[in-house]
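*Asks:* build me a structure from this.
(chains A, B, C and D)
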Amino acid sequence: MMDRVAGRMLEATVLERLGIALASITTAILVGLLAVTASGYNPVLFLNNLIVGSIGSERVLARTLRLSTFFVLTGVAVAIAFRAGVFNIGVQGQFIVGGICCTMSILWAAPLLPNGTVGGIVLMLLGTVAAAIGGGLYGALPGVLKAYADANEIITTIMLNFIAIGVVSWLITNPFRAEGATNVRTESLPDNVGLPPIVFGDSGFSVIGLALTLVLVAVVAVVMTRTRSGYDMVTSGYQASAAVYSGVDAKRTIVTTMTFSGAVAGIASALYVIMFQGNFIEPASIHTYGYDAIAVSLLAANNPVGVIPAGLLFGGLNSSGSYIQTYSDVPVQLIDGIVGLVIVFVAAPELFRMAAKRTGLGGDDE
Amino acid sequence: MSASTSVLEYTQHRRVRLAGLAVAVLAVLGAVATAVFDVPLDRIFTPGYVARSMELAAPITLAAIGGLYAEKSGVFNIGLEGFMIFGAFFAAAATYFVGTGGAVHAWIGIGMSVLLTTMLTVLFAVLLIRYKADQIVAGLGVWFIGLGLVPFTAAIIWGSRNSPRMPGVGRVTVPGASEIPYLGRIVFDQSPLVWLTILIVIGSWVFLYRTRYGYWIQAAGDNPEALDTAGIDVNRVRYAAVIFSGAMAGLGGAVLLAHSSSFVGTGQTMVDGRGWLGIVAYLFGNYNPVGAAAAALLFGGVDMLQGQLQTLDIDASPKLLGLLPYVVVIVVLTGWGKTRVPSSVGEPYESEE
Amino acid sequence: MSRRIDARNGSVDSRDETPAVDRRTVLRSGAAGVATLGGVALAGCIGDDNGGDGEYQMTIISSPAGFDDQAFNDNALSGLEEAADEWDIDINQIEATDQGEYSQRQADAAEAEPDLIVLVADQHTEPLRENAPEYPDVNWMLINNVVEEDNVSGWIEMNHEMSFLAGVGAGTLTHEEIEYEGSETDPDESIVGFVGGEEIPLIESFEVSYQQGVEWVDDSIEVLTGYGGSFNDPSGVNDQAVSQIESGADIVWHAASAAGEGVFEAASNNDRFAIGVDSDQSVSFDSYQDVILGSAIKALDEATYTVAEAVVDDDWESVQGEQNLSTEGEQIDWVTGQAFEGEMPDSLDQNIEDAKQAIVDGEINFECGPTGC
Amino acid sequence: MTTGNTPPAVRLEGITKRFGDVVANDHVDFTLEAGSIHALLGENGSGKTTLMSVLYGLYDQDEGEIYIDGEPQTFDTPRDAMDAGVGMIHQHFQLVEPMTVLQNVILGHEPVTNDFGFVDEEAAREEIEAISTRYGFEVGDHLDVPIRDLDLGTRQRVEIVKSLYRGAEILVLDEPTAVLTPQEVDRLMEVMEDLRADGRSLIFISHKLDEALTIADDITVLRGGTAVGTVPASETTEQELAQMMVGREVLFDRKPRETTPGAPILEVDGLRVTGDRGLEKVSEVELSVREGEIFGIAGVQGNGQTELIEALTGLRTPDSGAVRFGGEEITEMTRRDRTEAGIAYIPEDRHTEGLVMEYDLVRNGLLGNQTIAPFVKNGFIDWEVVRDHTEEIIDEFDVQPPDADNKASSLSGGNQQKFIVGREIGHDPAVLIASHPTRGVDIGSIEFIHNRLIELRDQGLAIVVVSSKLEEIQKLSDRIAVMYEGEFIDTVDPNAVTEEEIGLLMAGQRLDETDAAETDSGVQT
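*Replies:* Down below sits the predicted model:
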């Protein structure tokens, strides 16, 4: 069933996909504005806040870009799995596990290394590798369960999200808790770990982080389109039986896919810890990047490159959410509602095809 | 066939496996508690424990039954969680507007909630069936919308994402019979909504396996063409099943609210994953309403168990104990994972194109 | 979510130039709402809900539990609202549930250059260490911790003292015979309960200090404890409380923020009693007043009011640095529930007074501090 | 067409049905006389099934009229057609596998006990048993068995019972013999005759000329969506019909071979394989295929051919026994390694296995070649090389339309199959395993593929062909093994046996007579 579902998502042409994405976003925002108006707020101001709150100033832009990097990376993690026909809803869990692995490995290794920049770079590499391994293994688990025990991955990954939050929360409340800290968190990373902001001042965002994100997206895109493993994965996603016929080990490919997807989620988390957070906190209170990533990926039709604009959109929406809280009265949950509407509309391209036909805007394909 | 293989076949029968598993899990936990912590079983499995487990299981069961009807007809309604959120909220809002005086208002709220959620599901069904929306994606979308628009609207109505206190429906206490030791509390001093749920479980089983409409639902999910060529409109059957699934999820949310004190719209809202558990429950129960109810009861029981263990001061982190239901889900799904999904789930059906 | 209160007419969301319309009233009227909504929408279009026009701008940023908890966050907020009744103050609420974003949220709020920013919960401490010097012109009020900067007023709540008083109340009343509207204590059995929200150090301090309070009354009393797993969702807390009541507890106290309602519900459904936390919850949860014997309170609202007043009076020095909410300062206390006023046995007043004296005199050897053990 | 005293059971006039730009039926006229069997012949894609779907209310015709017993009818749904007495037995059975025989038969026409829709099982049971007894169906014995536990012949009879239960006077059978053994086909023919004798009218869709000639009273041939003509069965020949179907003369002659086989290259010893449901599907199979030889495996579907092929190609691990390739044991070797070693495979089902329907031909050109240089080096794909290779295949194998950027799904079945054959032999294999290489392929493509296979054999390739089409097996093979219930029941020389004899073997009856021994010696020539 899943093959077919994933397959159908990929059928549309690039141009059509773009049209559908834009139409979905526009319609969702229009519905949101309607809700704003119906609740007695000023829709023009709300729209203005949406824009000013996402790109209106250097501060705000830095925030948008920072959030976007996390959405892009987690979105790519989701896209890898969806493209290969595996429904990894567990990116949030893999993100959390990757993050704690990154944080703790850096904290444990820090005393063994020199303090300077070189030591810092080594620590960051170590942390990133640890995050990729942690996230990858946590992704591999539902992969193995699906491949060898036929356990539905949608369900297992959701359960594993709950488990990751609970266990990591327990870990940082108990054995990993920073000494003397009043709130629940790990020790902070040493000063030589972190990315220099370069353009945007001290905003928790670094252009280097953005560059690394783009490089990773490029790597994933190349892997998916130009390598044998990518071809094996994507073919499994389109048509598992054909992949098996061509010599692909279906079970191993499921595990590989989930591991790859989880590892990218882990790397996203490494960037979150190193560039932004500087320690690891109560996982239940970390933004649900992993869930929003599903929407990001779907909006991009599960195309790793398409995830970049989709991630920017989500970064912008969430960034303006924070602005709207500060500068207006509209309950910020509306933003989540708009995100949900975007997803529903993206799911129903037929709706826009039909509308386009009625209005004479669309092509004449059937 | 030798006797041993037929026994094997029998134990492969899911319902038997599930019931066996539920008993085994509880027995092992009970034994561990007795042996390691020196706690007598009767202090864990009190009548209140059983009654409360049933109360917890009721909303999950209802969502599960809705979900299994939809999926049997060929539509995977992954939006159950979202519809439950709407259901709980509609019940609270409706009660709030008619008055929060007593049980009668609570019942009106429940009725209104089912009505409103059903209307919402009609839109969803049109999107899925008429416009052939991707079922998984659209279902996730419903969840996100529930998480966003419901707290938003709650904040508009109440100035807070949480509602004021809502009336409950109380318990139906049968005088005299409720004094029967153990069973009295479980059977004769029970929430009417638990009774309603049991009735729905039985009713939906009979409907599915004993009436022509049940046949049609099964055929719509497994071989829609066969149903179409038999002259039954597949999409009409699917509309009915999907709309029913939304109504049940809405009722599940309303029941959750009625068993609680007020609507909670903060965080993951008061539904908090129960819709997802509903999906897991019917997968466990192999699409059989009775099996799904048994699975839901297992979740309710495990959930309550960790509360009991804390009260009995058994030294384990509540945070970790709270993960028990999720772990059980994964273990059971892994060990007994082979659920036969209806073969045409996820495929839009069109008789002519 | 964000809500503004305009002091001049006291209504919510009345920033519009047009005559104030209370949106909630409109919606409550149900069917009539459709027509009126159009008007409100129009008003919304004309009005300006961006930026404030009050004389003073004050921002409050929540703890991870968020507003609407009818305890911690709402308690802090209510003090500001009182101040807003007094002076021309715009209150801007920012709910911050993602701890990772705290530093950013503080900076966002500071960028708008309000006169005061109130930070609820000590999770704000470390971000504030960076932001306080970064925004020297903004006055910061931090609850539950202190940051040594000129523009920071840090307020430590002696939670352990408050919890101790709750324990004293529960320990005293479980021995008494109390009956009210169908609920009753069981004087023969000496068991009381405690339900926390999440199992974090802060709440563990509540738990231990509560147990110490019960023990101080009578060390033969058994205390059943448990955690519901959430500060938001009452159902887990409710499960715990029911389980404890079925195991014999006749009075249950909670430290579960908004989720604490689950305890009241459990007491109400099972004909037992509960004790409130932080503020007089027999008032904030008045539909449960028949089961709330009393509340252990801390006057956080007084604290926020005091700081707001200092800002208005341009007298920051009076609140700068470490401030305490303590029994000694009479900001921590026990209040009897509104339905039980005058109905309580004398032993309660006696024990509470003795306990308070003992705390002030330093006779109690607390195992835990205000925010952890 | 002559019209008797009774009006014809079915008369279709000028039926036109379009799908987008494609005209599936172009003003087709068709008349079924009451109480007769009328065969509808045509290649795949000639419009037979579309025409019948119009008659059954599954499709609305764009133009034309339907008359049943002389009365004009409008069928919006199958229900309307059913009510008019038309029943259809589809090529793909319209049965719900997890439901029982009884439930399937009454689906949509359930007798109920009350207004709540409770099914009256007893009433249904009695009626079905009555029908079963009348036509001698054994269906009545397993009314409570789920369909998935029944063999195909029984399933087909369930379909017929279903139509009769619904009161069908006019029965349309869409390629009913495709999946049956010759004995089962005979049985079906008897049933059809009984139904005719009972006064019912039947339309029999087929592309098998001999069957049509045997059973039908009249034969109508469709080609490219138009009706070429209608002839009485008694007045025509196979040659004539074939010519009508393809529009030219077709030769059925077997080409004499010019080369002799070489050394054995693919050998199998004592192979046992378990199928998907945990049952042993291949039991103690031995075989040896030589270079320059086509080894045919005949048998009714489901007798272990699929599992045997999967064991040979590396898609399934045998329980015991050995597979040797060029003398080396490869029993445990993966599919991928076998591909690299030179074992090519034309799969049974091109839609699910042989092609990724949503990929263009370039990306399909890589399928199965993912590890083979120069297409892939060090794990990286060289798409330019793959494209050149794909264009070569398209050119050499006459894939229409010749555009490498077309999606596989946009090609016709024959062109898809030609593409697969081209791709599989493109990297010069030593052994080719072809499973049902011409299933669902038009006659022109069948000829093309057959000729290529024979050419390759003559060039020294060892080929294993699995097919349930006797004609194909006999035409291609140098030796034929007949598979029955997991075993090679016999290996025979195609020149020395008749179709009937192979049919008997396929049904599990050993040829104990002396001529079987003769065929064994004949193999060695």
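
*Asks:* only C-alpha atoms for contact and neighbour calcs from this point on.
*Replies:* Noted.

*Asks:* contact residues of chain B facing chain D?
*Replies:* Contacts of chain B with chain D, taken as Cα under 8 Å from any Cα of the partner chain, map to B:210-213, B:215-216, B:219, B:222-223, B:225-232, B:351-353.

*Asks:* make it 6 Å
*Replies:* B:R210, B:T211, B:R212, B:A219, B:N223, B:A226, B:T229, B:A230, B:G231, B:E352 (Cα under 6 Å from any Cα of the partner chain).

*Asks:* which of the residues you listed tops the neighbour count?
*Replies:* B:A219 (32 neighbours; other Cα atoms under 10 Å in any protein chain shown).

*Asks:* helix or strand for that residue, just tell me which one.
*Replies:* Using DSSP states H and E, B:A219 maps to helix B:212-222.

*Asks:* hmm, that helix touching chain A?
*Replies:* No: using Cα under 6 Å from any Cα, helix B:212-222 stays clear of chain A, coming no nearer than 12.0 Å.

*Asks:* tell me which other helices or strands that helix touches.
*Replies:* Using 3 or more Cα pairs under 6 Å, 6 or more residues apart in numbering or on different chains; DSSP states H and E as the contact test, no helix or strand touches helix B:212-222.

*Asks:* would you tell me what the next helix or strand after it is?
*Replies:* Following helix B:212-222 toward the C-terminus (DSSP H and E): helix B:224-229.

*Asks:* what does that next one contact?
*Replies:* B:A219, B:V234, D:P78, D:Q94, D:L95 (Cα atoms under 6 Å, 6 or more residues apart in numbering or on different chains).

*Asks:* and if we set it to 7 Å?
*Replies:* Helix B:224-229 is contacted by residues B:W216, B:A219, B:A220, B:V234, D:P78, D:Q94, D:L95, D:V96, D:G108 when judged by Cα atoms under 7 Å, 6 or more residues apart in numbering or on different chains.

*Asks:* identify the farthest-apart pair in these.
*Replies:* Spatially, the most separated pair among those is D:P78 and D:V96, at 17.2 Å (Cα to Cα).

*Asks:* and B:I198, how many neighbours?
*Replies:* B:I198: 18 neighbours (other Cα under 10 Å).

*Asks:* check which helix or strand it maps to.
*Replies:* Counting by DSSP H and E, B:I198 is found in helix B:192-210.

*Asks:* equivalent analysis for A:F314, please.
*Replies:* Assigning secondary structure by DSSP H and E places A:F314 in helix A:307-327.

*Asks:* which helices and strands sit right next to that helix?
*Replies:* helix A:43-55, helix A:58-83, helix A:289-299, strand C:89-94 (3 or more Cα pairs under 7 Å, 6 or more residues apart in numbering or on different chains; DSSP states H and E).

*Asks:* any low-confidence regions in the stretch 1-150 of chain A?
*Replies:* A:1-13 (pLDDT under 70).

*Asks:* any chance of JSON lines for the residues of chain B next to chain D, columns distance to C:G66 and pLDDT?
*Replies:* Formatted as JSON lines, the residues of chain B next to chain D follow (distance: Cα to Cα, whole Å; pLDDT from 0 to 100):
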{"residue": "B:R210", "distance to C:G66": "50", "pLDDT": "92"}
{"residue": "B:T211", "distance to C:G66": "50", "pLDDT": "94"}
{"residue": "B:R212", "distance to C:G66": "51", "pLDDT": "94"}
{"residue": "B:A219", "distance to C:G66": "49", "pLDDT": "94"}
{"residue": "B:N223", "distance to C:G66": "50", "pLDDT": "91"}
{"residue": "B:A226", "distance to C:G66": "54", "pLDDT": "89"}
{"residue": "B:T229", "distance to C:G66": "57", "pLDDT": "81"}
{"residue": "B:A230", "distance to C:G66": "57", "pLDDT": "83"}
{"residue": "B:G231", "distance to C:G66": "56", "pLDDT": "81"}
{"residue": "B:E352", "distance to C:G66": "53", "pLDDT": "48"}
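
*Asks:* in contact with A:I89, which residues are there?
*Replies:* Contacts of A:I89 (Cα under 7 Å, 6+ apart): A:I154, A:T157, A:I158.

*Asks:* between those, which sits nearest B:I129?
*Replies:* Of the contacts of A:I89, the one sitting nearest to B:I129 (Cα to Cα) turns out to be A:I154, at 22.3 Å.

*Asks:* who in chain A is up against chain B?
*Replies:* Proximity of chain A to chain B, by Cα under 7 Å from any Cα of the partner chain, involves residues A:1, A:5, A:39, A:145, A:149-151, A:155-156, A:159, A:163, A:166-167, A:170, A:331, A:333-337, A:340-341, A:343-344, A:347-351.

*Asks:* next one: chain D
*Replies:* D:58-59, D:77-79, D:94-96, D:107-108, D:110, D:117-119.

*Asks:* now the strands: where do they sit in chain C?
*Replies:* Remark: strands assigned in chain C by DSSP state E are C:56-61, C:89-94, C:116-119, C:139-143, C:152-157, C:179-180, C:183-184, C:191-196, C:222-227, C:251-255, C:273-278, C:292-298, C:321-325, C:332-336.

*Asks:* adding mean pLDDT and distance to B:G265, write those strands out as JSON lines.
*Replies:* Converted to JSON lines, these look like this (pLDDT from 0 to 100; distance: least, Cα to Cα, whole Å):
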{"stretch": "strand C:56-61", "mean pLDDT": "93", "distance to B:G265": "19"}
{"stretch": "strand C:89-94", "mean pLDDT": "90", "distance to B:G265": "17"}
{"stretch": "strand C:116-119", "mean pLDDT": "96", "distance to B:G265": "23"}
{"stretch": "strand C:139-143", "mean pLDDT": "95", "distance to B:G265": "25"}
{"stretch": "strand C:152-157", "mean pLDDT": "93", "distance to B:G265": "28"}
{"stretch": "strand C:179-180", "mean pLDDT": "86", "distance to B:G265": "32"}
{"stretch": "strand C:183-184", "mean pLDDT": "86", "distance to B:G265": "30"}
{"stretch": "strand C:191-196", "mean pLDDT": "95", "distance to B:G265": "20"}
{"stretch": "strand C:222-227", "mean pLDDT": "93", "distance to B:G265": "20"}
{"stretch": "strand C:251-255", "mean pLDDT": "96", "distance to B:G265": "20"}
{"stretch": "strand C:273-278", "mean pLDDT": "94", "distance to B:G265": "21"}
{"stretch": "strand C:292-298", "mean pLDDT": "94", "distance to B:G265": "24"}
{"stretch": "strand C:321-325", "mean pLDDT": "92", "distance to B:G265": "31"}
{"stretch": "strand C:332-336", "mean pLDDT": "95", "distance to B:G265": "30"}
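
*Asks:* what are the buried residues along the helix holding A:F314?
*Replies:* For helix A:307-327, burial by neighbour count (16 or more other Cα atoms under 10 Å in any protein chain shown) applies to A:307-308, A:310-327.

*Asks:* what's the separation between B:S317 and A:A284?
*Replies:* 17 Å (Cα to Cα, to the nearest Å).

*Asks:* wait, B:L128
*Replies:* Separation of B:L128 from A:A284 (Cα to Cα) stands at 33 Å.

*Asks:* which of those two has more neighbours?
*Replies:* B:L128 (28 against 19).

*Asks:* ok, and the closest non-adjacent residue to D:E358?
*Replies:* D:K407 (5.9 Å; Cα to Cα, 6 or more residues apart in numbering or on different chains).

*Asks:* list the beta-bridge partners for that neighbour.
*Replies:* Beta bridges link D:K407 to D:D360, judged by DSSP bridges.

*Asks:* list the contacts for it?
*Replies:* Applying Cα under 7 Å, 6+ apart, the residues near D:K407 are D:M357, D:E358, D:Y359, D:D360, D:L361.

*Asks:* pretty sure D:E284 sits in a strand.
*Replies:* Yes: per DSSP: H, G, I helix; E, B strand; the rest coil, D:E284 lies within a strand segment.

*Asks:* that one: what's it in contact with?
*Replies:* D:G270, D:L271, D:R272, D:E487.

*Asks:* any chance of those in a markdown table with neighbour count and pLDDT as columns?
*Replies:* Listed next are the contacts of D:E284 as a markdown table, based on neighbours: other Cα atoms under 10 Å in any protein chain shown; pLDDT from 0 to 100:
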| residue | neighbour count | pLDDT |
| --- | --- | --- |
| D:G270 | 14 | 92 |
| D:L271 | 23 | 93 |
| D:R272 | 23 | 94 |
| D:E487 | 22 | 90 |
